[in-house]
Structures are given as structure tokens and as C-alpha cells.
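Student: Curious how this folds, go ahead:
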Amino acid sequence: LIENEIIVCTICRHDLPLTNFKSYTNNKVTQTFYGRIALEKGFSLLFFRKKSSTQKLIHDLKYKGNQEIGELFGNWLGEILEENKEFNSVDFIIPVPLHPKKKRERGY
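Tutor: Purely as a prediction, here's the structure:
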């Protein structure tokens with residue numbers, strides 16, 4: 001990493017597979033959960049691909065306790081949602097639920 005880069009270098013960050021969803025009511029997330037839960041809007045920051053830098057970052061967050069990655073993704077997601085008028089009236093965002101056993105293992 002060079003000066004002013006945090007967690008992920010600039011080149012790597014630009015190579016991450018952003019979803020770039022144009023709609024928050026009809027996209028791969030809402031289609032995946034359709035009929036399973038009541039969902040008004042859905043969003044994902046990145047597409048997950050096995051053996052990719054996305055997988056490495058998520059695994060470092062989940063299994064190695066690198067919470068700085070979660071902060072990076074959270075801030076990045078917040079910036080994207082803040083720019084979108086569809087989310088101006090949203091009171092809160094609910095993450096995908098985590099199994100209690102995993103929560104105990106990870107501590108968050």
C-alpha cells in the first residue's frame with residue numbers, strides 16, 4: 001500500500017466486481033430472496049466470485065477478524081446509498097442475518 005491507501009490498494013479496489021445495480025427493487029439480490037422473505041429493496045456492494053480478491057477480503061473479515069475490511073465496505077456502501085434518492089426515506093438497513101454460532105465464533 002502507498003500513502004493514503006487503506007486496506008486495499010487503489011488498483012485492487014478498482015478491480016473489485018461492483019454490482020452497479022441500477023434498481024434496488026429488481027436485481028439479483030431481490031430475485032434471490034423473492035418469495036422467501038418480505039423485501040422491499042435489496043443491494044449488494046460486490047459480486048462474490050470464488051478464488052477472487054473479493055473472496056479473500058471477505059474471508060479475512062470473517063475468519064481472520066480483520067474488522068477494518070468491514071469498515072471499508074460499510075463506508076463504501078454508505079457513500080453509494082447516500083447518493084441514491086431511493087434510499088433517502090430508509091430508516092435503517094438490515095444485514096443478512098448471521099447464525100448465532102457464527103456470531104459467537106467471530107465476536108460480532
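
Student: all helices of the protein, in order?
Tutor: Secondary structure of the chain, counting by DSSP state H: helices at 10-15, 28-33, 53-63, 67-83, 100-106.

Student: So what touches the longest one?
Tutor: Residues external to helix 67-83 that are found in contact with it (Cβ atoms under 8 Å, 6 or more residues apart in numbering): 6-8, 43, 45-46, 57-58, 60-61, 87, 90, 93, 108. (Each C-beta comes from the backbone N, C-alpha and C, glycine too.)

Student: Check the second one too.
Tutor: Around helix 28-33, the neighbours that count as contacts under Cβ under 8 Å, 6+ apart are 19, 21, 24, 39, 41-44.

Student: Please produce a ChimeraX select command covering the buried subset of those.
Tutor: Buried subset of the contacts of helix 28-33, written as a ChimeraX selection, criterion 16 or more other Cβ atoms under 10 Å:
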select :21,24,41,42,43
